[in-house]
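[1] fold the following for me, if possible:
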Amino acid sequence: MAGALLPAVTAFMIDRRNFLKSAAALGAANAFLPATASAQTTAPQAFDFAVLKGRARALAGAAYQPVPDVVPRTLANLNWDQLQAIRFQRDHALWAKDGLAFRLQFFHLGRGYRESIRMFEVVGGQERLIGYDPGMFTYEGSGIDGKALPADLGFAGFRINFQTDWELDIAAFLGASYFRAVGAEKQYGLSARGLAIDTGMDRKEEFPLFNTYWFERPVPDAKRLVIYALMDSPSVAGAYRFEIAPGDTLTMEVDAALYPRKSIERLGIAPLTSMYQHGENDRRMADDWRPEIHDSDGLAMWTGVGERIWRPLVNPPDLRVNSYLDENPRGFGLLQRDRQFDHYQDDGVFYERRPSLWVEPKNPNGWGKGAVQLVEIPTIDETSDNIVSYWNPLEKAQPGQELLYAYRLHWGAQAPYLPALAQAVATRTGIGGVVGFDRKYFSWRFVIDFAGGELAQLGAGAKVEPVISVSRGSVETTSARPQPQISGYRAIFDLRPLDNSNEPVDLRLYLRADGKPLTETWIYQWSPLSVTHKKHWIIP
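    Below is the predicted model of the structure:
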């Protein structure tokens, strides 16, 4: 998504641009939490994760009630620039005067952010409401009179600052259950969510809402911040615990307890949301002056049996959902492997600095059977988040269950636990055939560069071969040759379609020598519809 350290969540399709209108709300939580208006005078209540799970379970046992829209029309009608003009005053940040390593600033309600989110501080196992005060904000340039706003308005979300840099935030939670974080590059990019429901299906997606947050007051010199969140939606209630550790790679330890209200067809655990418009492998929408535009360029997977897989992203001509079956996956993530400025030429939003995000399951017995699902949605520009990936359990969630998931999120320049095998570092495609010879039929070329592992140590006489399989068509003009510029190897092949079908073709490739794999497995889904060179189609 475009923009530097802007914590706003940009929607990726029309329904996503309106997701806040249909997001879940506080509902029956009011039976277990003090109402916002009265909580400021209510005595502190005991709080820990067990208490929160109990509240979520009780919430799921009651009928879902959407939160009423209490945002004044003056705020709801703000344009983007007016909303951005409302700024939090840093001296009002939580813990600003306490000499701690963390501070929190809050986002104002307005425009698309219309759910009033409650915030609590937890001190000594007791919760204390953080009340909204218009004096926390400056309104110059927004057209809003802060003094005229309701005293119990609440907040839209929050951002986290760390002692290494009080100017730039390290993470932000804003909108539905969305949140983002940064590593050493201090550059926002893709987002994570608490949960995805029915993503990529033929009906409206459901966006659960983190309607309440609790911030555990850190002890002096603490380098980790603990945050809790209560989730609600028509289908599920949930309790979340986040333990955030800043660093060159920022990590989040996540514990989630989910309590379904009803059966859920497609449950997405640890969902990641990103943007891919065009890149070196997919130029279907490459009508911009910049060579590449994307927050992530591929889905990486580490399967339960140890196979490493790389799937370059595409901007497809139609909605695509791919399921990669697995059992007890070791990890998956949306990565930005290409980190060279000249490949993007964007000196405003710096796509080469966008963080990668890796999900590492932590459940002692694993996550069982299911699939890493990848949803790719057509987009015409970079303001739309059109890529989603998550873990989809094989067994459907049912009402009355308690579903427990624990995982670690790694936000940084690269994924942790790099494989011993070489990695795919570039994928390029174009018209096939042999230069200088007339083409008698259509073919499409794939060029994949691998680097790392043992490739740089291979001798000149090494017999490296590409192992290629395709779901349809024939493979021609194959080769694997050294690529000294990257201390690696380049694999090349042409795919010749044998029919006029527009159905996608699944491709798979890795390099081996002496019967042993040298690289991770590259997989790809190529769509004939993405090719504009229809004049070249000659099917015998």
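[2] centre-most residue in the protein?
    Centroid-nearest residue in the chain: Leu272, 2.5 Å away (criterion: Cα atoms, centre = their mean).
[3] angles on the backbone of that one, please.
    With angles defined as degrees, to the nearest 10, Leu272 sits at phi -120, psi 140.
[4] now it: how far from Ala196?
    Between Leu272 and Ala196 the computed distance is 9 Å (Cβ to Cβ, to the nearest Å). Bear in mind the C-beta positions are built from the backbone N, C-alpha and C, glycine included.
[5] overlap of the contact sets of those two?
    Contact criterion Cβ atoms under 8 Å, 6 or more residues apart in numbering; residues shared by Leu272 and Ala196: 388, 390.
[6] returning to what we had before: what does the pLDDT read for the residue nearest to the centre of the chain?
    Note on Leu272: pLDDT of 98.
[7] tell me the contacts of it?
    Contacts of Leu272 by Cβ under 8 Å, 6+ apart are 190-193, 333-334, 357, 359, 388-390.
[8] bridging residues for it?
    Ala192, Ser389 (DSSP bridges).
[9] same thing with Tyr324?
    Taking DSSP bridges as the rule, Tyr324 bridges to Val372.
[10] and for it, the neighbour number?
    19 (other Cβ atoms under 10 Å).
[11] with Trp444 instead?
    22.
[12] determine which two of the contacts of Leu272 are furthest apart.
    Maximum pairwise distance in the contacts of Leu272, criterion Cβ to Cβ, is 14.2 Å, between Arg193 and Gly333.
[13] of those two, who's got more company?
    Counted by other Cβ under 10 Å, Arg193 and Gly333 do not tie: Gly333 has more neighbours, with 26 against 22.
[14] report the beta-bridge partners for the more buried one.
    Counting by DSSP bridges, the residues bridging with Gly333 are Ala300, Trp358.
[15] pretty sure it contacts Val359?
    Yes - counting by Cβ atoms under 8 Å, Val359 is a contact partner of Gly333 at 5.8 Å.
[16] am I right that Glu352 sits in a strand?
    No - read with DSSP: H, G, I helix; E, B strand; the rest coil, Glu352 is helix and lies in no strand.
[17] any figure for the gap between it and Gly194?
    Computed as Cβ to Cβ, the Glu352 to Gly194 distance reads 29 Å.
[18] okay, the two: which has more neighbours?
    Comparing Glu352 with Gly194 by other Cβ under 10 Å, the one with more neighbours is Gly194, at 26 against 18.
[19] just give the number of residues close to the closest residue to that one other than its chain neighbours.
    Residue nearest to Gly194 in three dimensions, not counting chain neighbours: Ser177, with 3.3 Å by Cβ to Cβ, 6 or more residues apart in numbering. Residues lying near Ser177 (other Cβ under 10 Å) number 25.
[20] try Phe49
    Using other Cβ under 10 Å, Phe49 has 16 other residues around it.
[21] spit out the contact partners of it.
    By Cβ under 8 Å, 6+ apart, the residues touching Phe49 are 228, 239, 241, 255.
[22] a markdown table for those residues, including neighbour count and pLDDT?
    Below are the contacts of Phe49 laid out as a markdown table (neighbours: other Cβ atoms under 10 Å; pLDDT from 0 to 100):
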| residue | neighbour count | pLDDT |
| --- | --- | --- |
| Tyr228 | 24 | 98 |
| Ala239 | 24 | 98 |
| Arg241 | 20 | 98 |
| Asp255 | 18 | 98 |
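[23] in strands, which of these fall?
    In this view, the contacts of Phe49 that belong to strands under DSSP state E are 228, 239, 241, 255.
[24] separation between the nearest residue to the last one once chain neighbours are set aside and Leu225?
    The one in question is Asp255. Excluding its sequence neighbours, the residue lying closest to Asp255 (Cβ to Cβ, 6+ apart) is Arg241, at 4.3 Å. From Arg241 across to Leu225, the span is 11 Å (Cβ to Cβ).
[25] please enumerate the helices of the stretch 351-500 of the chain.
    Applying DSSP state H, counting those that start in this stretch to the stretch 351-500 of the chain gives no helices.
[26] what's the burial count for Ala46?
    By other Cβ under 10 Å, the residues close to Ala46 number 11.
[27] quick check: phi and psi on it?
    Dihedral angles (degrees, to the nearest 10) for Ala46: phi -70, psi 140.
[28] residues making contact with stretch 523-533?
    Applying Cβ under 8 Å, 6+ apart, the external contacts of stretch 523-533 come out as 281-282, 284, 309-312, 314, 316-318, 320, 322, 427, 429, 431, 442, 444, 446, 495, 497, 501-509.
[29] cutoff 6 Å now
    284, 311, 316-317, 502, 504-508 (Cβ atoms under 6 Å, 6 or more residues apart in numbering).
[30] tell me the one among those nearest to Asn328.
    Relative to Asn328, the closest of these is Arg311; by Cβ to Cβ it sits at 19.6 Å.
[31] leaving out chain neighbours, which residue sits closest to that closest one?
    That would be Leu299: by Cβ to Cβ, 6+ apart, it lies 4.4 Å from Arg311.
[32] outline the domain layout of this protein.
    Residue ranges for each domain of the chain read 14-412, 423-536, as given by automatic domain parsing.
[33] return the most buried member of those.
    For the domains of the chain, the largest average neighbour count (mean count of other Cβ atoms under 10 Å) is found in domain 14-412, namely a mean of 19.
[34] and stretch 287-304, C-alpha only, in CSV?
    C-alpha atoms of stretch 287-304 as CSV (Å, rounded to 0.1, in the frame of the first residue of the first chain):
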residue,chain,number,x,y,z
ASP,A,287,1.3,1.2,-17.2
ASP,A,288,3.1,3.2,-14.6
TRP,A,289,6.5,4.9,-15.1
ARG,A,290,7.9,2.9,-12.2
PRO,A,291,9.3,-0.5,-13.1
GLU,A,292,7.7,-2.3,-10.2
ILE,A,293,5.0,-1.5,-7.6
HIS,A,294,4.3,-3.9,-4.7
ASP,A,295,4.5,-4.3,-1.0
SER,A,296,5.3,-8.0,-1.3
ASP,A,297,6.6,-10.0,-4.2
GLY,A,298,6.0,-13.6,-3.0
LEU,A,299,4.5,-16.1,-0.7
ALA,A,300,7.0,-18.3,1.1
MET,A,301,6.1,-21.5,2.8
TRP,A,302,7.9,-24.0,5.0
THR,A,303,5.8,-27.1,5.1
GLY,A,304,5.4,-29.7,7.8
